[in-house]
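Enquirer: Predicted structure and sequence below. I'll ask about it afterward.
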Amino acid sequence: ERYENHLQAEKFAEKQYKAMLERPDKLADTFWFISEEEEDVFCSALSNLIEARKYLRHSYVASFELRRSPDLLMILENYQGALEMLTERLSQLTESNIQALYREKGEHGVTQHFCGLDFYRASVEKYIDRFSAAVLKPRSLIEESMQDN
């Protein structure tokens, strides 16, 4: 079920990302009050979100390989939980209504939003690296699973 949930969320993020890449001017036209740097943060956040969803999906597959090692499996599950939390927060931030935020809090509120977005983007990226280093010499287990699909 978690695998399927991340797959659906990944597809949603991919649609957002694809739409943004196909019409970069639409983002600038719609959100005339955001800077080019904030646009880049948003694009990068969507890319990291997609990668995190894939990584989480395939970490569930890799966990089957670790069921004979309960200690390592417990560590993997702890890392999965933390990465899921960061990923869900990043997802919420990418789906925020920026227009409403601008109306309610002005440019400062929008700037704060993008600072938070960038923080969670970087956190997800770094946590995937930590996850791999701590649990998965076995990053190869996840990478093998990703290559099979």
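Expert: Received, thanks. Numbering: from 1, shown residues only.
Enquirer: helices or strands next to the longest helix seen in the chain in the packing?
Expert: When the chain is parsed with DSSP state H, its longest helix is helix 98-135. The contact analysis (3 or more Cβ pairs under 8 Å, 6 or more residues apart in numbering; DSSP states H and E) places helix 98-135 against helix 36-65, helix 70-94, helix 139-148. From N, CA and C alone the C-beta is placed, and that goes for glycine too.
Enquirer: in the longest one, what's buried?
Expert: This means helix 36-65. Along helix 36-65, these residues count as buried under the neighbour rule (16 or more other Cβ atoms under 10 Å): 38-39, 41-43, 45-63, 65.
Enquirer: what does the second one give?
Expert: Buried positions in helix 70-94, judged by neighbour count with 16+ other Cβ under 10 Å: 72-73, 75-76, 79-80, 83-84, 86-87, 89-91, 93-94.
Enquirer: who's in contact with the nearest residue to residue 31 once chain neighbours are set aside?
Expert: Excluding the flanking residues, the one nearest residue 31 by Cβ to Cβ, 6 or more residues apart in numbering is residue 98, at 5.5 Å. Taking Cβ atoms under 8 Å, 6 or more residues apart in numbering as the criterion, residue 98 is in contact with 31, 34, 110, 113.
Enquirer: Not counting sequence-adjacent ones, nearest residue to the residue nearest the centre of the chain?
Expert: Centroid-nearest residue in the chain: residue 49, 2.1 Å away (criterion: Cα atoms, centre = their mean). Distances taken as Cβ to Cβ, 6+ apart place residue 13 nearest to residue 49, at 4.8 Å, with adjacent residues excluded.
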